[in-house]
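Enquirer: Please find the sequence and the predicted model below.
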Number of protein chains: 2
Amino acid sequence: MDATPDVFGAISAPARRELLHMLASREMPVLEIAESFDMTLSAVSQHLGVLRQAGLVRQRKDGRQRLYSLNPEPLQEVASWLSYYEPFWTDKLTGLGKFLEENP
Amino acid sequence: MDATPDVFGAISAPARRELLHMLASREMPVLEIAESFDMTLSAVSQHLGVLRQAGLVRQRKDGRQRLYSLNPEPLQEVASWLSYYEPFWTDKLTGLGKFLEENP
DNA sequence: GGAACATTTAAGTAAATTCTAAAGTATTAT
DNA sequence: ATAATACTTTAGAATTTACTTAAATGTTCC
């Protein structure tokens, strides 16, 4: 029950990144998702909960199943954070960065 | 002493993201870095250690100081992970994604 | 040499994370 | 109504994390 929707924290666990990757292909119920994982259904459900809190997945009720699907929007926060650093490695390749660093 | 250089884990802590941001401007010794943080010098040093294990910062000895600098290359792993999801949110905006989802 | 400085490492603690097993809640089937 | 299914939630153990304080290491200054 964490009120903070921490995207960076949510994607820090490899298992959760795998979950996102699975859900990128299509909407899926928990049982089907859990088949691919070497952990309890309960553990998978808990991971999905974390992703949900971060807004990275959506849940939809369909009978007794809960269908989960990817909601990639919050990843934009990561993308925009990263975009700040992108020039650093592209510049390293072009040599421009070195020039700018030496001429502030 | 974790042997795994986990970039995602390294950037998951807000304090460490701040550290990276600081070091993006220039090389700095630990004391100067720590001034901006509301924690012990020791804590900062430990965070820098985590970043170093992930390869995100470089350390250089200069007299009794250790000068830290940004090494953004490992962030490319995050960038390439993210690039997989980028089409999802751009497509949402253009409407192309919806079409592709509906016509698999 | 010894004191002051810059930093790391060690030791300990509190809190958060990740899991399991078991119990609880809906929903469907008989 | 009962039983089975699909899932969530709770409770608890084991591990990891994020700190603090204190001791240890290396470097410069006198």
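Expert: Arrived safely, thanks for sending. In this text the structure is predicted, and so the values were computed from the model without any measurement.

Enquirer: Which strands or helices does the helix or strand that contains A:Leu82 pack on?
Expert: Counting by DSSP states H and E, the element that carries A:Leu82 is helix A:75-83. When contacts are defined as 3 or more CB pairs under 8 Å, 6 or more residues apart in numbering or on different chains; DSSP states H and E, helix A:75-83 sits against helix A:7-10, helix B:75-83, helix B:86-94. Using the backbone N, CA and C atoms, a C-beta is placed for each residue, glycine as well.

Enquirer: ok, and does the shortest one reach over to DNA strand D?
Expert: Pointing back at helix A:7-10 there. No - applying CB under 7 Å from any atom of the strand, one finds helix A:7-10 separated from DNA strand D by no less than 8.6 Å.

Enquirer: what does that helix contact?
Expert: A:16, A:50-51, A:53-56, A:74-75, A:77-78, B:11-12, B:14, B:17 (CB atoms under 8 Å, 6 or more residues apart in numbering or on different chains).

Enquirer: can we see that at 6 Å?
Expert: Contacts with helix A:7-10, where a contact means CB atoms under 6 Å, 6 or more residues apart in numbering or on different chains, come from A:Val50, A:Leu51, A:Ala54, A:Leu56, A:Pro74, A:Glu77, A:Val78, B:Ser12.

Enquirer: and that helix, does that touch DNA strand C?
Expert: Yes - looking at helix A:7-10 against DNA strand C by CB under 7 Å from any atom of the strand, the contacts come from A:Gly9.
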